[in-house]
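Peer 1: With the input below, show me the fold.
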Amino acid sequence: MARQVVWNKKAIRNFEKIVNYLEKEISETAAAKFIQKIDMLIEKVHKYPEIGRKASKTKTIRQYRIDKYRKMYYRKRGRKLTIVFIFDDRRNPDSNPYI
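Peer 2: Below is the predicted model of the structure:
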């Protein structure tokens, strides 16, 4: 039986903000590469959910570095994998609820 991957609203909102920024400020190619990278990362985490490091404040949440500046936070419960947050480290660290 396949594991289900779900995004919560906050993760979707942050993902869309990053993609929109990349499209407007960098290039559509950069945005497409970011989307492709996220897709590959989700496949990896889907296959090996324990690969990410446990978040500091919430032990049920794991983090995985997307690139130099961004991290993806996710939770595994049974067969369900939930993407809960995407954070850009260049933002105010106090706005990250998982560190």
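Peer 1: Number of residues surrounding the closest residue to Ala31 other than its chain neighbours?
Peer 2: Nearest non-adjacent residue to Ala31, counting by Cβ to Cβ, 6 or more residues apart in numbering: Leu22, 3.9 Å away. Just so you know, the C-beta spots here come from the backbone N, C-alpha and C atoms, and that holds for glycine as well. Residues near Leu22, counting by other Cβ atoms under 10 Å, number 18.
Peer 1: would you list every one of the strands in the protein?
Peer 2: 4-7, 53-54, 61-65, 70-77, 80-88 (DSSP state E).
Peer 1: Given the first one, what are its sheet partners and their directions?
Peer 2: When pairs are called by DSSP bridges, strand 4-7 turns out to pair with strand 80-88 (parallel).
Peer 1: can you give me the angle the strand it pairs with makes with strand 61-65?
Peer 2: 50 degrees (axes from the mean of the first three to the mean of the last three Cα atoms, to 10 degrees).
Peer 1: Tell me what angle strand 80-88 forms with strand 70-77.
Peer 2: Interaxial angle, strand 80-88 versus strand 70-77 (the same axes, to 10 degrees): 160 degrees.
Peer 1: Please state the mean pLDDT value computed over strand 80-88.
Peer 2: The predicted model assigns strand 80-88 a mean pLDDT of 89.
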